[in-house]
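Novice: Sequence and computational prediction follow.
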Amino acid sequence: MIETVEWTKSGVVFIDQTKLPTEEVYVTCTTHVQVADAIRNMIVRGAPAIGVSAAMGIALGVKSSKAETSGELKKEFDQICKLMGETRPTAVNLFWAIRRMTDKFESLSQRSVTQIVESLIEEAKRMHAEDIAANRAMGKHGATLMPASGGVLTHCNAGSLATAGYGTALGVIRAAVEAGKKIHVYADETRPFLQGARLTAWELMKDGIPTTVISDNMAGVMMQKGKIGAIVVGADRIAANGDVANKVGTYTVAVLAKENGIPFYVAAPLSTVDLGTPDGSKIPIEQRNQREITHIGGKQMTPDGVGIENPAFDVTPAKYVTAIITERGIARAPYQHSLSTLAHQISKEQEKVEV
Ligand code: MRU
């Protein structure tokens, strides 16, 4: 399995996703500041991977602390969390991970500094393992929704590289293939960062899953020609009403899916569900550097002075979402009810629940 993010004795190791697919380079971050930079600069990306990486970054930060009391350590911890929280605003898994590490710290405040540090490292490692388990469970639930054969379209990269391993949307596809389904993946290239062309295609080729890359503007014609039997994407944040923030272009795909009568599925762990955000209009959307649009491969593509917009995500209204696949089962509309039921359900691992 691809190691997207790994806790090692020498630091937090990432496969550098800015270099794939032509170079397979690993970088070791030895400080929490380096981890924050790796998240901001998309060396590691994808909502669940960002969450796990932030937790490991926090663990790395406290590990190198010289604090002598838990109170001193807490002050440093809060600064580290603040830095992590400023890296990318849309993926709620980042804030979920910071909350979880904070809760852990607060439950340990009577312990020694050494014990707190060790427990925070263990917590970050646990989040890594839990993410892979969640993806496997999502795969099991979601595979039942995939067609027995034919084309499945995905947008961006919601695979091993976007998680601790196996993937959310690509986990569903992997599980369907493991169950004997004959799936051919259509990967939107996903301008401007090319997560589909570079990362999804790389992962799936490694697994021997037949894959065709299309430019984003070809998704409609592929659907119209009957080449797509289902669509499955990941998510960066799902509001309480089921509105889904995901890589920009997802909304277009979802509307086209409805027009063409094709099911549109979202696969995401419950750490991506934000019950505190009532609907998609309240989700903060990251605006990225204009250069991602103006330049391709270092070459300028647009005239000087032209207006540029670069929102990294869009929001797909819940009415376009056929179902949301989580580790605890499949949520269907009305999502207000189904998502909160799944989120509050006492974990019954591997048991399929339809709400
Ligand atoms: O900007 P990115 O590459 O971090 O955006 C990633 C996505 O939009 C993914 O689809 C989403 O995070 C789900 S990953 C399992």
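Specialist: Everything's here; your move.

Novice: What sits closest to the residue in the stretch 251-355 of the chain positioned nearest to the ligand if chain neighbours are left out?
Specialist: Minimum separation of the stretch 251-355 of the chain from the ligand (Cβ to the nearest ligand atom) falls at Ala312, amounting to 5.2 Å. Quick note: C-beta positions are derived from backbone N, CA and C, even for glycine. Leaving out its chain neighbours, the residue that sits closest to Ala312 by Cβ to Cβ, 6 or more residues apart in numbering is Glu286, at 4.4 Å.

Novice: Isn't the residue of the stretch 251-355 of the chain closest to the ligand up against Ile283?
Specialist: No. At 11.8 Å, Ala312 does not count as touching Ile283 under the criterion of Cβ atoms under 8 Å.

Novice: what residues are shared contacts of these two?
Specialist: Shared contacts of Ala312 and Ile283 (Cβ atoms under 8 Å, 6 or more residues apart in numbering): Thr90.

Novice: neighbours of the residue in the chain that the ligand sits nearest to, just the number please.
Specialist: Proximity of the chain to the ligand (Cβ to the nearest ligand atom) peaks at Gly234, 2.7 Å away. Close neighbours of Gly234, defined as other Cβ atoms under 10 Å, add up to 30.

Novice: Could you pull out the buried residues of the helix or strand containing Ile173?
Specialist: If you go by DSSP states H and E, Ile173 is part of helix 169-178. By neighbour count with 16 or more other Cβ atoms under 10 Å, helix 169-178 contains the buried residues 169-177.

Novice: ok, now stretch 30-41?
Specialist: Under 16+ other Cβ under 10 Å, the buried positions of stretch 30-41 are 31-32, 34-36, 38-39.

Novice: Repeat that for stretch 116-125.
Specialist: 116-121, 123-125.

Novice: Pull the number of nearby residues for the residue of the stretch 251-355 of the chain closest to the ligand.
Specialist: Ala312, neighbours per other Cβ under 10 Å, totals 22.

Novice: Quick check, pLDDT for it.
Specialist: Per-residue confidence (pLDDT) for Ala312: 98.

Novice: I'd say the residue of the chain closest to the ligand and Ile173 touch.
Specialist: No. Here Gly234 does not reach Ile173: they are 11.4 Å apart, not a contact under Cβ under 8 Å.

Novice: Common neighbours of the two, please.
Specialist: Gly167.

Novice: Return the residues in contact with Asp37.
Specialist: Counted by Cβ under 8 Å, 6+ apart, Asp37 has contacts Ile43.

Novice: Tell me the secondary structure of it, please.
Specialist: helix (DSSP: H, G, I helix; E, B strand; the rest coil).

Novice: Report the contact partners of Leu94.
Specialist: By Cβ under 8 Å, 6+ apart, Leu94 lies in contact with 39, 47, 50-51, 54, 84-85, 87-88.

Novice: So which residues on this protein come close to the ligand?
Specialist: 45-48, 91, 156, 158, 162-163, 168, 195, 234-236, 246-247, 312 (Cβ under 6 Å from any ligand atom).

Novice: Let's see which of these end up in strands.
Specialist: If you go by DSSP state E, the residues of the chain next to the ligand have 246-247 in strands.

Novice: what's the angle between the longest helix along the chain and helix 169-178?
Specialist: If you go by DSSP state H, the chain has its longest helix at helix 113-143. The directions of helix 113-143 and helix 169-178 differ by 50 degrees, with axes from the mean of the first three to the mean of the last three Cα atoms, to 10 degrees as the criterion.

Novice: Quick check: what element follows helix 113-143 along the chain?
Specialist: Once the chain leaves helix 113-143, the next helix or strand it forms, by DSSP H and E, is strand 149-154.

Novice: tell me which residues of that following strand are tucked away?
Specialist: For strand 149-154, the neighbour count (16+ other Cβ under 10 Å) marks 151-154 as buried.

Novice: among those, which two are most distant?
Specialist: Spatial extent of those (Cβ to Cβ) is set by the pair Gly151 and Thr154 at 10.5 Å.

Novice: Mutual contacts of these two, please.
Specialist: With Cβ under 8 Å, 6+ apart, Gly151 and Thr154 have common neighbours 185-186.

Novice: Skipping its backbone neighbours, what lies nearest the most centrally placed residue in the chain in space?
Specialist: By Cα atoms, centre = their mean, the chain has its centre lying nearest to Ala47, at 2.8 Å. Spatially, and ignoring its direct neighbours in sequence, Ala47 is nearest to Ala91 (3.8 Å; Cβ to Cβ, 6+ apart).

Novice: Return the residues in contact with the one you found.
Specialist: 46-47, 50-51, 236-237, 272.

Novice: If you rank the residues you listed by neighbours, which is first?
Specialist: Asp236 (32 neighbours).

Novice: That residue and Thr90 touch, don't they?
Specialist: Yes. Between Asp236 and Thr90 a contact is recorded at 4.8 Å, counting by Cβ under 8 Å.

Novice: Overlap of the contact sets of the two?
Specialist: What both Asp236 and Thr90 touch, as defined by Cβ under 8 Å, 6+ apart, is the set 245, 313.

Novice: thinking again about what came up before, same list, the buried residues of strand 149-154, but as TSV with distance to Lys227 and pLDDT please.
Specialist: Formatted as TSV, these follow (distance: Cβ to Cβ, whole Å; pLDDT from 0 to 100):
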residue	distance to Lys227	pLDDT
Gly151	5	98
Val152	10	99
Leu153	8	99
Thr154	13	99
